[in-house]
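Student: Could you work out the structure for the sequence below:
(chains A, B, C and D)
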Number of protein chains: 2
Amino acid sequence: MFKKVLIAEDHEHANISVRKTLEDLGTPQKEFRFYCDDALKLLQQAYDQDNPFDLLITDLSFEEDSNIQEITGGRELIRAARKLQPGLKVIVFSLENNITAVDELFDDLDIDAYVRKARYDAADLRRAVDAVSGNKKYRSPDLMRNKKVENAYDFKLYDIEIITLLCNGTPQKNIPSYLKENDIKPAGLSSVEKRLSAIKTALSISSNEQLIAYCKDKRII
Amino acid sequence: MFKKVLIAEDHEHANISVRKTLEDLGTPQKEFRFYCDDALKLLQQAYDQDNPFDLLITDLSFEEDSNIQEITGGRELIRAARKLQPGLKVIVFSLENNITAVDELFDDLDIDAYVRKARYDAADLRRAVDAVSGNKKYRSPDLMRNKKVENAYDFKLYDIEIITLLCNGTPQKNIPSYLKENDIKPAGLSSVEKRLSAIKTALSISSNEQLIAYCKDKRII
DNA sequence: TTTCATTTTACGGAATCCCGTAAAATTAAT
DNA sequence: ATTAATTTTACGGGATTCCGTAAAATGAAA
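Tutor: Model prediction:
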């Protein structure tokens, strides 16, 4: 079982109960941070002092507030943590229930477990910690693959990025420059146009306006 | 302070930590349920046995699962609970951060407090319980804004008609023919364009996409 | 009815979006 | 390393939207 665990989670309530779950599991040393930057700093310190963490449990999205952060989300935190300490085990604990997004976490960031914040998430987290401590991967049962039929189109992170920009009033022609700034891969205007067009075709949707309405209704955005 | 509190919250982790918060506050009797129907049943039983609850803390959205429920959400639960026990204090504890939606909770359901699940939500909940036990209303500080200032534009039926058409994928240039069919007054394309432009200017919105997002968020559509 | 004010529509040019095709770049395979 | 396949970008023309101006229609008042 794990000896030293770091929890990065901005919601105080979630933070409290994750700590309690770890207590029940008998983890001797638990640290928690409300901000990604603080979490990484702690990770670094522990590493420098030859007493590194052996597990990171992190949320994906951290709300921005007056305390401006270098690292603004769980994905970047994981990347930074792994760069520092490649062998670090990582469990993501988040509301995200988009299967594709979770797949991307396993594929791109090689996380060890994904626990969705949901009805039985405490028991779920316990199972995840167990599995990961045995060097196994774990993902919440309801994200195994079943709800695939739900969405006629499988929204990728890239799609959501673009649609979010539209929601913020960014004109289509300005999206490329934003994508380039954030190093998001296909950044050409053509690519954006094509992707939007593909989404709309797949969903039998005819205008951007209708697409936004759809995404809002389905809570995709 | 409260003697008997019922927590209705489907997320196990949230449930655990709300219980812990109440413990810290010294609430002697705490019950919790993961489903609305169970929560209402317990409320009813306690009432029938002349030992009613004096506070309900509930989430707004409960995830559907195989356990089919009569009552599917916090709003209905509150309505049913108040019908049974009109004086019951109610604190809503939810992720919802749409000011208009929260306003509606106070206006339509006359809830006593709204605590948003966010960074300092444990401390926030404590303050809410304190306030409500002193017969005061409470809402999370970041949702304090005055409700009147919110709607910078007063949506007319005509506006909603047009925006609804856009949401259904009608291209702008086809809107006039729909309006004519339904005998809606200014049906010219120019009028439609001007109206949309006026709305966007009033709300400092730059695109139709952003307008749709705004209307969906504010529950105007 | 005439006049005036307001609303609605028509029109036109510029900007943007849409969509197909081709070039360029990247990736994979041999 | 070369070739082939795929992805990404560039380009261009037609459609649509955007926005200002002017004409037409409507309504109110005298």
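
Student: what secondary structure does A:Phe32 sit in?
Tutor: The assignment at A:Phe32 comes out as strand when based on DSSP: H, G, I helix; E, B strand; the rest coil.

Student: Would you state the strands of chain A in chain order?
Tutor: A:4-8, A:29-33, A:55-58, A:89-94, A:113-116, A:138-139 (DSSP state E).

Student: And the spatially most central residue of chain A, how far from DNA strand D?
Tutor: Most central in chain A under CA atoms, centre = their mean is A:Leu60, positioned 3.4 Å from the mean C-alpha point. Note on A:Leu60: its distance to DNA strand D, by CB to the nearest atom of the strand, to the nearest Å, is 23 Å. For every residue, glycine as well, the C-beta is placed using N, CA and C.

Student: mind checking how far stretch A:15-33 is from the chain centre?
Tutor: Stretch A:15-33 has its C-alpha centroid displaced from the chain centroid by 20 Å (CA atoms, centre = their mean, to the nearest Å).

Student: and if you look at stretch A:199-206?
Tutor: For stretch A:199-206 - counting by CA atoms, centre = their mean - the centre lies 27 Å from the chain centre.

Student: who does the helix or strand of chain A with the lowest mean pLDDT touch, helix- and strand-wise?
Tutor: One helix or strand of chain A scores below all others by mean pLDDT, DSSP states H and E: helix A:99-109, with a mean of 84. For helix A:99-109, the packing partners by 3 or more CB pairs under 8 Å, 6 or more residues apart in numbering or on different chains; DSSP states H and E come out as helix A:74-84, strand A:113-116, helix A:157-167.

Student: Now with 10 Å, please.
Tutor: Packing partners of helix A:99-109 (3 or more CB pairs under 10 Å, 6 or more residues apart in numbering or on different chains; DSSP states H and E): helix A:74-84, strand A:89-94, strand A:113-116, strand A:138-139, helix A:157-167.

Student: measure A:Thr100 to A:Leu157 for me?
Tutor: Per CB to CB, to the nearest Å, A:Thr100 is found 8 Å from A:Leu157.

Student: do the same with A:Asp110
Tutor: Look at A:Asp110 and A:Leu157: by CB to CB, they are 16 Å apart.

Student: what is A:Phe32 paired to in the beta sheet?
Tutor: Here A:Phe32 sits in beta bridges with A:Ile7, as judged by DSSP bridges.

Student: dump the residue contacts of it.
Tutor: Listed by CB atoms under 10 Å, 6 or more residues apart in numbering or on different chains, the contact partners of A:Phe32 are A:5-9, A:12, A:15-16, A:18-19, A:22, A:38-39, A:42, A:57.

Student: Ok, A:Asp38 next?
Tutor: For A:Asp38, the contact set (CB under 10 Å, 6+ apart) comprises A:Ala8, A:Glu31, A:Phe32, A:Asn67, A:Gln69, A:Ile71.

Student: do A:Glu9 as well
Tutor: By CB under 10 Å, 6+ apart, the residues touching A:Glu9 are A:15-19, A:32-34, A:39, A:57-59, A:62, A:74, A:93-94, B:13, B:119.

Student: again, 8 Å this time
Tutor: By CB atoms under 8 Å, 6 or more residues apart in numbering or on different chains, A:Glu9 lies in contact with A:Asn15, A:Val18, A:Phe32, A:Phe34, A:Ile57, A:Thr58, A:Asp59, A:Phe93.

Student: burial count for the residue nearest to the last one when sequence neighbours are not counted?
Tutor: Using CB to CB, 6 or more residues apart in numbering or on different chains and skipping residues adjacent in sequence, the residue nearest A:Phe93 is A:Val115, 4.8 Å away. With neighbours defined by other CB atoms under 10 Å in any protein chain shown, the count for A:Val115 comes to 25.

Student: Report whether the expected contact of A:Val115 with A:Asp142 is present.
Tutor: No - counting by CB atoms under 8 Å, A:Val115 sits too far from A:Asp142 to count as a contact (10.8 Å).

Student: okay, the least confident helix or strand of chain A in CSV with CA atoms only?
Tutor: In CSV, the C-alpha atoms belonging to helix A:99-109 read as follows (Å, rounded to 0.1, in the frame of the first residue of the first chain):
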residue,chain,number,x,y,z
ILE,A,99,-15.4,8.4,-22.2
THR,A,100,-13.2,9.8,-24.9
ALA,A,101,-11.7,12.4,-22.6
VAL,A,102,-10.9,9.6,-20.1
ASP,A,103,-9.4,7.5,-22.8
GLU,A,104,-7.1,10.3,-23.7
LEU,A,105,-5.9,10.5,-20.1
PHE,A,106,-4.8,6.9,-20.2
ASP,A,107,-3.4,7.2,-23.7
ASP,A,108,-1.7,10.5,-23.6
LEU,A,109,-0.8,10.9,-19.9
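
Student: for it, which positions count as buried?
Tutor: The neighbour-count check on helix A:99-109 (16 or more other CB atoms under 10 Å in any protein chain shown) flags A:Ile99, A:Ala101, A:Val102, A:Asp103, A:Glu104, A:Leu105, A:Leu109 as buried.

Student: what's the nearest residue to the second one if we skip its chain neighbours?
Tutor: If I follow you right, that is A:Ala101. In this structure, A:Ala101 finds its nearest non-sequential neighbour in A:Leu157, 5.9 Å apart by CB to CB, 6+ apart.

Student: how does chain A divide into domains?
Tutor: Here the domain parsing of chain A from automatic domain parsing is A:4-149, A:151-217.

Student: Highest mean neighbour count out of the ones you listed?
Tutor: Neighbour counts (mean count of other CB atoms under 10 Å in any protein chain shown) averaged over each of the domains of chain A peak at domain A:4-149, with a mean of 18.

Student: between the contacts of A:Asp38, which is closest to A:Val132?
Tutor: A:Ala8 (16.0 Å; CB to CB).

Student: quick one: contacts for the closest one?
Tutor: Counting by CB under 8 Å, 6+ apart, A:Ala8 touches A:Phe32, A:Arg33, A:Tyr35, A:Cys36, A:Ala39, A:Leu56, A:Ile57, A:Thr58, A:Asp59, A:Phe62, A:Gly74, A:Leu77.

Student: Around DNA strand C, which positions in chain A sit nearby?
Tutor: Applying CB under 7 Å from any atom of the strand, we find that chain A lies next to DNA strand C at A:Pro171, A:Gln172, A:Lys173, A:Ser190, A:Glu193, A:Leu196, A:Ser197, A:Lys200, A:Ser207, A:Asn208.

Student: I'd say the fifth one and A:Lys173 touch.
Tutor: This means A:Glu193. No - shown here, A:Glu193 and A:Lys173 do not form a contact pair, counting by CB under 8 Å, at 9.6 Å.

Student: before we move on, the earlier item: among the contacts of A:Ala8, give me the pair with the biggest separation.
Tutor: Pairwise distances across the contacts of A:Ala8 peak at 15.0 Å for A:Tyr35 and A:Ile57 (criterion: CB to CB).
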